[in-house]
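K.L.:
pasting the sequence and the predicted model now:
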Amino acid sequence: MKSLLVLLLLLAMAAALVLSTGCGASENGAAGDNGDADGEASTTQFNRGFSDGHTQGYERGYADGKKGIYEPGTLEDSDEDDDYARGFDQGWIAGYEEGQKDASEEAADAEKEMEEVEKAMLAFVKENAAPGLEFRIENIVIHGDEAAGIAVCTSEVLESPLVVMRKDASGWTAVDFGTGIEPPAWYPY
């Protein structure tokens, strides 16, 4: 008896589900019509415009963000239809903002990395120099997981040694230090 009651309840729920979703009629009531062809075309044009605008906006936003500028600007009118242009404009704005965000995050990460390298270089130089000498690091270049810079003594007149570091799992560690060492090929100074 219970299984019959459960079966009837399930059938009633299935019938309610079918009635609530309709039987193939579109919003305008025409049975078998899967939507307005013009509406689908305008949606397709809008989506194509949004995608194109997003791609181009991201590239511009990222480039501007790397330069430290924020100028989303206005775009030239296109020869495309209004739906494409509306989509392009919305995509451009969204893409530009994402590009700016990504570029600024990368710049912040690079600045943090530069500070870490400088701190590690100074610690290594002070550890290997005569007591009481003070240094600053100039011309730091980070190249992948390697870095190089020049240690300049600020408390006495001394030669300025090259400091080469490498990043590993524990952070930046010293590779070489001295005035007679050969700088890495990628180091321009």
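P.N.:
Arrived safely.

K.L.:
now do the same contact list for residue 179.
P.N.:
Neighbouring residues of residue 179 by Cβ atoms under 8 Å, 6 or more residues apart in numbering: 159, 160, 161, 162. Just so you know, the C-beta spots here come from the backbone N, C-alpha and C atoms, and that holds for glycine as well.

K.L.:
give the buried subset of these as a ChimeraX selection command.
P.N.:
Selecting only the buried entries of the contacts of residue 179 in ChimeraX, with 16 or more other Cβ atoms under 10 Å as the criterion:
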select :160,161,162
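
K.L.:
what is the nearest of the contacts of residue 179 to residue 53?
P.N.:
Nearest to residue 53 among these is residue 162, at 48.0 Å by Cβ to Cβ.

K.L.:
can I assume the closest one is in contact with residue 148?
P.N.:
Yes - in this structure, residue 162 is within contact of residue 148 by Cβ atoms under 8 Å, at 6.2 Å.

K.L.:
now do the shared contacts for these two.
P.N.:
183, 187.

K.L.:
for the longest helix along the chain, packing partners?
P.N.:
Across the chain, the longest stretch assigned as helix under DSSP state H is helix 82-128. In terms of contacts (3 or more Cβ pairs under 8 Å, 6 or more residues apart in numbering; DSSP states H and E), helix 82-128 is packed against helix 37-67, strand 135-143, strand 146-153, strand 162-168, strand 171-178.

K.L.:
switch these over to JSON lines; also include mean pLDDT.
P.N.:
Shown next, in JSON lines, are these (pLDDT from 0 to 100):
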{"stretch": "helix 37-67", "mean pLDDT": "88"}
{"stretch": "strand 135-143", "mean pLDDT": "94"}
{"stretch": "strand 146-153", "mean pLDDT": "94"}
{"stretch": "strand 162-168", "mean pLDDT": "94"}
{"stretch": "strand 171-178", "mean pLDDT": "90"}
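
K.L.:
could you identify which of those is most buried?
P.N.:
By mean neighbour count, with neighbours taken as mean count of other Cβ atoms under 10 Å, strand 146-153 ranks first of these at a mean of 21.

K.L.:
pairing partners for it, with directions?
P.N.:
According to DSSP bridges, strand 146-153 forms sheet pairs with strand 135-143 (antiparallel), strand 162-168 (antiparallel).

K.L.:
pretty sure residue 187 contacts residue 147?
P.N.:
No - applying Cβ under 8 Å as the test, residue 187 and residue 147 come out as separate, 9.2 Å apart.
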